[in-house]
Structure formats: C-alpha cells, structure tokens
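>>> Predicted structure and sequence below. I'll ask about it afterward.
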Amino acid sequence: MLKLSAHISALALIAALAACSPSQDTSDDAAMTDDGAMSDDMAASGEGDVIDDEGMSGDAAPMSLSERLANAERPDGDVELDPMRHPAEILTFAGVRPGWRVADLGAGGGYYTRVLSAAVGGDGHVYSQNFDWTVERFPNLTGAMDAMEAGYSNVSTHVTSDTAPLDGIEGDLDGVFIVLLYHDQVLDPNEDMAAMNQAIYDGLRPGGVYVIVDHAARPGSGEDDIETLHRIDEAVVRAQVEAAGFEFQGASDILANADDDHTLNVFDPSIRRQTDRFVLVYRKPM
C-alpha cells in the first residue's frame, strides 16, 4: 500500500524513529511525532477520567469546554501539545457539545480521542477508530487502543476499512473528526475517497458535522505535494467532501501560519508542528 503510516503508539513511535529519518519516512506528521502518539504514562496505565454528565466538577455552574479539558485527566504529553493544536478552540468552532456521539478517525494513540472524551462527557461517546492498514503496520497500536478503551468509560475503539470507516457503529453520529490523516487516504491511488466520504455522510445525523484538519499545500498544487511534503491542497479536500453532499459550514484560521510558505516537508525542524494547517467544518444537510 502506498499510504503514509498512521498515528502510532509511543512504543511503535520509538521503533519507527530508530528505523528512519524524516526525509526517508513516508509517514504522517501525527504518526511520527508525539502529536498523535500515546504518551508513556497513558500507554502504561490506560488511566483517564471523564467529566460528569452535567459538565460539573463540584461547582454549581457548567464548565466551559476549556475548563472541561483543563479538569480532565490527560497525559502530560497531550497537554504540552495543546498550545500548538488548540483543541478547545477547534471543538468550539465545530460546535461540539456535551452528550454528543462522535468518531475520531485515524485516532492513533488517541490525542483527539481524549480531548473529545472530555468534551462530550459521560452522556456522550467517542468512537476511536483506526484503519486496518495502520494496525497491520503497527501491531503495538492494538495495545494502546485496548488501554484507552479500558481507561475511559465513554470511549470504544474500532478497527475498520478505508471505505467503511464507521462499520460497527450503530446510530447516527453528531460529529466525525479526521485530523492530519485525510491526505494519507488520498495518497493511495487505490483509495476510493468517494466511498469513504459517502460512508461518513451516511453515518452522521442530519445536521451532524464533519471536521477535517490537515497540513496546507500550495494553493493550486492539487495532490502534487502529498507524497513529497506530506501536504494537501485545501481545494482537493473541499471538492471531494462537497461531492458527497456535505454543506460547507466554515473554515478557521486557528492553526494558520503565515510564515509557512508551503515548500517544506512537514518534518523539517524549522516548521515541524508549526505548519500552516486548515480547519474545515462541513455539515450534513437537515
């Protein structure tokens, strides 16, 4: 398969980093960095906490999303990445609420799964999904997923195919997230992106949101920079998603970086974890 490697657990991360350099590797930014990897303490213990159903923590007033994240038991490695990934702002922009049922596609070690777990609370649920090709390539991911499912009462983990990413998830979802992995899917010439996006469309409730975050390529570059730079032209994503029937809800510059000229590989030390990234929110029509 010509895919980039997927998000991986901390143990798989160590082995992968020892085996290849950024210039030789064909993996995603979230795969080969601790952006997407499970931190050592979480991989070891699988312990986590979910804010209660009412979004309270001993106080009378409901907590904001930022407060929910701050009060959740998340690994130190996750928290250290928050200033670069702005999860509270992105989830707020997407309209995520307590009680939502959401899927985290290509979850890897679970950074966004844990964020979403805190955001939706005990009345909600997070379906933490990894594609079958990622689990085959990184067997240690299975242990990381087991630990995450055991440690979070509102999380279940799933391994599914590219064209049926929501297979086994019953009922309509309120939201689907795919973070720093969409371009991996597009890279494979055998990938049926229309089928994948259609499955996501079908799995959402009317009004449900589809949120995509990825590394921006040069406008007009199409798919030219996916393999070499690990970037994708925003226009490619928008055309594919809109072809499935989604309505464009909005784009955010939360993760924009005007100093990124889109010519560097995302692993380049001068831009790593600071790439210009687009945030797109789509909605299934009511």
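Nice, thanks for sending it over. From a predicted model like this one, the values you see are computed outputs, not experimental measurements.
>>> Which other helices and strands does the strand or helix carrying Ala118 contact?
Applying DSSP states H and E as the criterion places Ala118 in helix 111-120. The helices and strands touching helix 111-120, judged by 3 or more CB pairs under 8 Å, 6 or more residues apart in numbering; DSSP states H and E, are helix 65-71, helix 76-85, helix 87-94, strand 101-105, strand 125-131, strand 173-179. Yep, even glycine has a C-beta here, placed from its N, CA and C like the rest.
>>> Comparing the ones you listed by mean pLDDT, which bottoms out?
Among these, helix 65-71 carries the lowest mean pLDDT, at a mean of 89.
>>> buried sites along it?
Leu65, Glu67, Arg68, Leu69, Asn71 (16 or more other CB atoms under 10 Å).
>>> do stretch 275-286 as well
Residues of stretch 275-286 classed as buried by neighbour count (16+ other CB under 10 Å): Thr275, Asp276, Arg277, Phe278, Val279, Leu280, Val281, Tyr282, Arg283, Lys284.
>>> residue contacts, the closest residue to Tyr210 other than its chain neighbours?
With sequence-adjacent residues excluded and distances taken as CB to CB, 6 or more residues apart in numbering, Tyr210 is closest to Tyr282, at 4.3 Å. Tyr282 sits next to Val209, Tyr210, Val211, Ile212, Val241, Glu242, Phe246, Glu247, Phe248, Gln249 when contact means CB atoms under 8 Å, 6 or more residues apart in numbering.
>>> Read off the pLDDT value for the third one.
Predicted confidence (pLDDT) at Val211: the value is 98.
>>> again, but for the last one
Per-residue pLDDT puts Gln249 at 97.
>>> Report the inter-axis angle for the helix or strand where it lies versus helix 87-94.
When secondary structure is defined by DSSP H and E, Gln249 falls within strand 247-252. Interaxial angle, strand 247-252 versus helix 87-94 (axes from the mean of the first three to the mean of the last three CA atoms, to 10 degrees): 150 degrees.
>>> With only the CA atoms kept, save strand 247-252 in CSV.
Provided in CSV are the C-alpha atoms of strand 247-252 (Å, rounded to 0.1, in the frame of the first residue of the first chain):
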residue,chain,number,x,y,z
GLU,A,247,-22.6,21.6,3.0
PHE,A,248,-19.7,23.9,3.8
GLN,A,249,-20.1,25.3,7.3
GLY,A,250,-16.9,27.3,7.6
ALA,A,251,-13.1,27.4,7.7
SER,A,252,-11.0,28.6,10.6
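>>> picking up where we left off before, mind giving me JSON lines with the contacts of Tyr282 and columns for distance to Thr263?
Shown next, in JSON lines, are these (distance: CB to CB, whole Å):
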{"residue": "Val209", "distance to Thr263": "32"}
{"residue": "Tyr210", "distance to Thr263": "29"}
{"residue": "Val211", "distance to Thr263": "27"}
{"residue": "Ile212", "distance to Thr263": "23"}
{"residue": "Val241", "distance to Thr263": "26"}
{"residue": "Glu242", "distance to Thr263": "28"}
{"residue": "Phe246", "distance to Thr263": "30"}
{"residue": "Glu247", "distance to Thr263": "33"}
{"residue": "Phe248", "distance to Thr263": "28"}
{"residue": "Gln249", "distance to Thr263": "30"}
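>>> Counting neighbours, which of these end up buried?
Val209, Tyr210, Val211, Ile212, Val241, Phe246.
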